[in-house]
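J.: here are the coordinates; sequence isn't available:
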């Protein structure tokens, strides 16, 4: 890959190929495929971030419950 294209993001390359007036059918198909894959990658990245946040929230909740249970046990003299 040339330095020109290496410096571009996936969607910039797609836009560049689509802007070429005589781009071949293959180039257009590849650009469409890259666009679809990039969109899917971005969606999965958002879902992964959300899942990580939910996991951390659950772990924090469990830890807080353990602390509360410990405090209940130790304060009741048991």
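T.: Structure received. A quick note: this is a predicted structure, and the numbers were derived from the prediction, not measured.

J.: break down this protein into its helices, ranges please.
T.: Assigned by DSSP state H, the chain shows helices spanning 3-6, 10-19, 25-75.

J.: right, so these: which one is the most enclosed?
T.: helix 10-19 (a mean of 15; mean count of other Cβ atoms under 10 Å). Every residue, glycine included, has its C-beta placed from N, CA and C.

J.: got the angle between it and helix 25-75?
T.: For helix 10-19 against helix 25-75, the angle by axes from the mean of the first three to the mean of the last three Cα atoms, to 10 degrees is 160 degrees.

J.: average pLDDT across helix 10-19?
T.: The average pLDDT within helix 10-19 is 78.

J.: now what about that helix, what contacts it?
T.: 5, 8, 23, 27-28, 30-32, 34-35, 37-38 (Cβ atoms under 8 Å, 6 or more residues apart in numbering).

J.: and the pLDDT at residue 28?
T.: Model confidence at residue 28, given as pLDDT, is 76.

J.: need the contacts of helix 10-19 in JSON lines with distance to residue 48, can you?
T.: Putting those into JSON lines (distance: Cβ to Cβ, whole Å) gives the following:
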{"residue": "5", "distance to residue 48": "27"}
{"residue": "8", "distance to residue 48": "24"}
{"residue": "23", "distance to residue 48": "33"}
{"residue": "27", "distance to residue 48": "31"}
{"residue": "28", "distance to residue 48": "31"}
{"residue": "30", "distance to residue 48": "26"}
{"residue": "31", "distance to residue 48": "26"}
{"residue": "32", "distance to residue 48": "25"}
{"residue": "34", "distance to residue 48": "21"}
{"residue": "35", "distance to residue 48": "20"}
{"residue": "37", "distance to residue 48": "16"}
{"residue": "38", "distance to residue 48": "15"}
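
J.: from these, pick the one nearest residue 68.
T.: The shortest gap between residue 68 and any of the contacts of helix 10-19 belongs to residue 38, at 45.3 Å (Cβ to Cβ).

J.: check what pLDDT the closest one gets.
T.: Model confidence at residue 38, given as pLDDT, is 91.

J.: tell me how far it lies from residue 61.
T.: 35 Å (Cβ to Cβ, to the nearest Å).

J.: if anything else comes up later, I'll come back, but that's it for now.
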